[in-house]
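Visitor: Below are the sequence and a predicted model; questions follow.
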Amino acid sequence: MSSGGHEFDFVRAQLRAALPPRRDLALEADLWPRMLRRLEEAPARFGWFEAVLLGLIAVMLAVFPELIPAILYHL
Amino acid sequence: MDEDLERFTTGDVDAFEILFRRYQGEVYGWIVRIVRNPAAAEDLTIETFWRVYLRRQRFDPQRPFGPWVRRIATRMAIDYLRSASHSFEPAPPPPPAAPDPLVRDELRDRIQGAFLSLPARLRVAAVLALIEEQPYQEIADALNLSLSAVKMRVARAVRHLRSSLERMGIRP
């Protein structure tokens, strides 16, 4: 065996003695309920459509300020 | 299966649930091998699938889902290892190697310390190749590296560890 291969085997043996391979690889519980909560608590995404819509409303209110009381009345 | 993948890419939560339930165990098992902490592996499994869900539109349903999720899971695990404040769960007691238990425990702690001092990218390659003995091609796929790049990382990790062991007076 080459010295490199010997060194490799030696380090691997020491490492495996100190840090044995994991045997507890099976999940103990279904994680879907937690995943669902993670999906529900995700912040709402502000996409380009919402940005354009908000921009249009702002422009409209700037051009026609008399609409502001009417909008506030209907809120 | 293809139909579930197609539906998943459109944001169908039912299809996502089917994929999640199918792959959660495999993803968890892969992550726990790397981070060696079951509680952290559960959290990282959730965060992996959260990222998977966010990136659903980038996924090509003609390609296999498992390797794509595993690559994301591996990146999440590496990020976790890079963060300074993570706990390292003590390993189960190894079989008796040294006659004195105190000497044995101290030796084990020092070897674990040497392992933890490796950079995260070398540590991942080392844990998967040397400890968990995963096939190199699987490691390469998960790290999105070539086979030769993985072999180089493992060789560098071995050299680092060899030097650390020598400083501890541990020689073949």
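Guide: Here it is on my side, so go on. Numbering: from 1, shown residues only, chains lettered A, B, ... in the order given.
Visitor: From now on I want contacts and neighbour counts done on CA atoms only, so please keep to that.
Guide: Will do.
Visitor: count of residues packed around residue 48?
Guide: Since you didn't name a chain, this refers to chain A. 9 (other CA atoms under 10 Å in any protein chain shown).
Visitor: not what I meant, chain B
Guide: 25.
Visitor: That one contacts B:Met76, doesn't it?
Guide: Yes - assessed by CA atoms under 8 Å, B:Thr48 is found in contact with B:Met76 at 6.6 Å.
Visitor: Where does the prediction get shaky in chain B?
Guide: B:1, B:84-103 (pLDDT under 70).
Visitor: center of it - which residue?
Guide: Centroid-nearest residue in chain B, with CA atoms, centre = their mean: B:Ile34, separated by 2.7 Å.
Visitor: Show the contacting residues for it.
Guide: Residues near B:Ile34 by CA atoms under 8 Å, 6 or more residues apart in numbering or on different chains: B:Ala77, B:Val124, B:Val127, B:Leu128.
Visitor: The second one reaches B:Met76, doesn't it?
Guide: Meaning B:Val124. No - when contacts are counted by CA under 8 Å, B:Val124 is not listed as touching B:Met76 (11.6 Å).
Visitor: Share the number of residues neighbouring B:Ala125, please.
Guide: Residues lying near B:Ala125 (other CA under 10 Å) number 25.
Visitor: likewise B:Arg82?
Guide: Neighbour tally, B:Arg82, other CA under 10 Å: 13.
Visitor: Now name the helix or strand holding B:Thr48.
Guide: Element membership for B:Thr48 (DSSP states H and E) is helix B:38-54.
Visitor: And for that helix, what's in contact with it?
Guide: Here helix B:38-54 makes contact (CA under 8 Å, 6+ apart) with A:31, A:34-35, A:38-39, B:11, B:16, B:20, B:24, B:27-28, B:31-32, B:35, B:69, B:72-73, B:76-77.
Visitor: Weed out the non-buried ones from those.
Guide: A:31, A:35, A:39, B:16, B:20, B:24, B:27-28, B:31-32, B:35, B:69, B:72-73, B:76-77 (16 or more other CA atoms under 10 Å in any protein chain shown).
Visitor: quick revisit: secondary structure element for the residue nearest to the centre of chain B, which one?
Guide: helix B:13-35.
Visitor: distance between that helix and the chain's centre?
Guide: Taking the mean of its C-alpha atoms, helix B:13-35 sits 14 Å from the chain's own mean (CA atoms, centre = their mean, to the nearest Å).
Visitor: repeat for stretch B:2-22
Guide: That offset, for stretch B:2-22, works out to 25 Å (CA atoms, centre = their mean).
Visitor: same question, stretch B:128-137
Guide: 10 Å.
Visitor: go on, stretch B:150-157?
Guide: Centre-to-centre, stretch B:150-157 and its host chain are 15 Å apart (CA atoms, centre = their mean).
Visitor: Give me the buried positions along it.
Guide: B:Val150, B:Lys151, B:Arg153, B:Val154, B:Ala155, B:Arg156, B:Ala157.
Visitor: before we move on, what about stretch B:12-31?
Guide: Of the residues in stretch B:12-31, B:13, B:15-17, B:19-20, B:23-31 count as buried by neighbour count, 16+ other CA under 10 Å.
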